[in-house]
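In: Sequence below, structure please.
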Amino acid sequence: MSELLETLRLKPAATTRPRIGFLGVGWIGRHRMQAMADTGLIEVAAIADPSAEMTQEAAKIAPGAQVVGDLDGLLAVEVDGLVIATPSAMHAAQAIQALDAGVAVFCQKPLGRTAEEAACVVAAARQADRLLGVDFSYRFTEGMRRIREILRAGEIGRVFAADLVFHNAYGPDKPWFYDPELSGGGCVMDLGVHLVDLALWALDFPEVEDVRADLYAGAAPLAGRTDTVEDYAECRLRLAGGAVVRLACSWRLQAGTDAIIQAGFYGTDGGTALKNCDGSFYDFTADRYRGTTRESLAEPPDAWGGRAAADWARRMAEGQRYDPAAERLVDVARVLDRIYGR
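Out: Residues are numbered from 1 along each chain as shown. Take a look at the predicted model:
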């Protein structure tokens, strides 16, 4: 009997992988599903999407997953976590419903169309003590990781300026993106949200003292129109301490290339920047500047696209609960509200 007890004490406890449900399995939803599945840390338990074609494609990644009709169906099969990749207008309500049911959430951006919606989601996560993540994937590029390390170590001195750009030669292909009520905004909500997040995250979320913005639709000032969304925006943030962040983003800009994506930070002792390569949406370089010289920090290839999802899957597998860093998601949303004059 004593030998049996000793064996039981030495044997590792059985572990169960978190069961994850996927709500919305278009291209982005399937890509994040694959990234999470590849970690081996979670079980793809269930899938829901109104498109039978998308559901069939997702089932190829996880043949054993249950196919259900909607969010209620996902919650009914007792998932531990939910990945949301649905239209923006649905994010907050779906996330809150899941969190209120005790289910952790990983959501596509934006978490909410307004800061109020985002704050309600964060409050639900806090109340439920459940992990909440948003797919701010550019944080997970190797280049931005190195840049943030440099900034936090003070290696370029006092940062007084930052320039961030995301111009996309194409526009979204789904009608809801162009409906202010459904999307919450145009290119700023779609692309600029990444720029705001990168700037604040890289600089450790300083207080934003002032926000000014010019928004355009079809080359004319948006000027309070509520029947359309902006397709070009320039914004200026003044941070506590006097640093200035300039942001620009657009859809369908005739820039001679597929995309221009950059994030540069300039200090009293140098600079550092992330830049996309030859119009690519996926390949980036990062450099450190000293005067007229540069030092390479990161080069492609860099398979960064699914890292945010994989990181959330790892944290789920570790049993992590509510992380107060989720409060920063509301900080980003507040800046967007100010850009839109809300």
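
In: Show me which helix or strand of this protein is least confident by mean pLDDT.
Out: helix 2-10 (a mean of 35; mean pLDDT, DSSP states H and E).

In: Now Leu111: which helix or strand?
Out: Using DSSP states H and E, Leu111 maps to neither a helix nor a strand.

In: Tell me, how many residues neighbour it?
Out: Using other CB atoms under 10 Å, Leu111 has 30 neighbouring residues. Backbone N, C-alpha and C define where each C-beta goes, glycine included.

In: can you list the domains in the chain?
Out: According to automatic domain parsing, the chain comprises the domains 9-137, 142-302.

In: Determine how far the longest one lies from the middle of the whole chain.
Out: For domain 142-302, the distance between its averaged C-alpha position and the chain's averaged C-alpha position is 14 Å (CA atoms, centre = their mean, to the nearest Å).

In: Quote the end-to-end distance of it.
Out: 7 Å (CA to CA, to the nearest Å).

In: now do stretch 317-334
Out: 31 Å.

In: Now do the buried residues in it.
Out: With burial defined by 16 or more other CB atoms under 10 Å, the residues of stretch 317-334 counted as buried are Ala317, Tyr322, Ala326, Arg328, Leu329, Val330, Asp331, Val332, Ala333, Arg334.

In: what does that stretch contact?
Out: 17-18, 39, 41-42, 110-112, 114-115, 117-119, 121-122, 125-126, 128-132, 134, 193, 196-197, 200-201, 205, 208, 315 (CB atoms under 8 Å, 6 or more residues apart in numbering).

In: Can you say which of the residues you listed are buried?
Out: 17-18, 39, 41-42, 110-112, 114-115, 117-119, 121-122, 125-126, 128, 130-132, 134, 193, 196-197, 200-201, 205, 208, 315.

In: Can you dump the C-alpha atoms of stretch 162-171 in CSV for me?
Out: Taking C-alpha atoms only, stretch 162-171 is exported to CSV below (Å, rounded to 0.1, in the frame of the first residue of the first chain):
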residue,chain,number,x,y,z
ALA,A,162,6.9,59.4,-33.1
ASP,A,163,5.6,59.0,-36.6
LEU,A,164,3.3,56.0,-37.4
VAL,A,165,1.7,55.3,-40.8
PHE,A,166,-0.6,52.6,-42.2
HIS,A,167,-1.8,53.2,-45.8
ASN,A,168,-3.6,50.4,-47.5
ALA,A,169,-4.0,50.6,-51.3
TYR,A,170,-7.1,48.5,-51.0
GLY,A,171,-10.3,48.9,-49.0
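
In: low pLDDT regions in the stretch 201-342 of the chain?
Out: For the stretch 201-342 of the chain, not a single residue meets the criterion pLDDT under 70.

In: As a check, name the ranges of all strands in it.
Out: With strands called from DSSP state E, counting those that start in this stretch, the stretch 201-342 of the chain shows them at 208-217, 220-221, 232-239, 244-251, 259-267, 270-276, 284-290, 293-298.

In: now do the stretch 1-150 of the chain
Out: Under DSSP E, counting those that start in this stretch, the stretch 1-150 of the chain gives strands at 19-23, 43-48, 66-68, 81-84, 104-107, 132-134.
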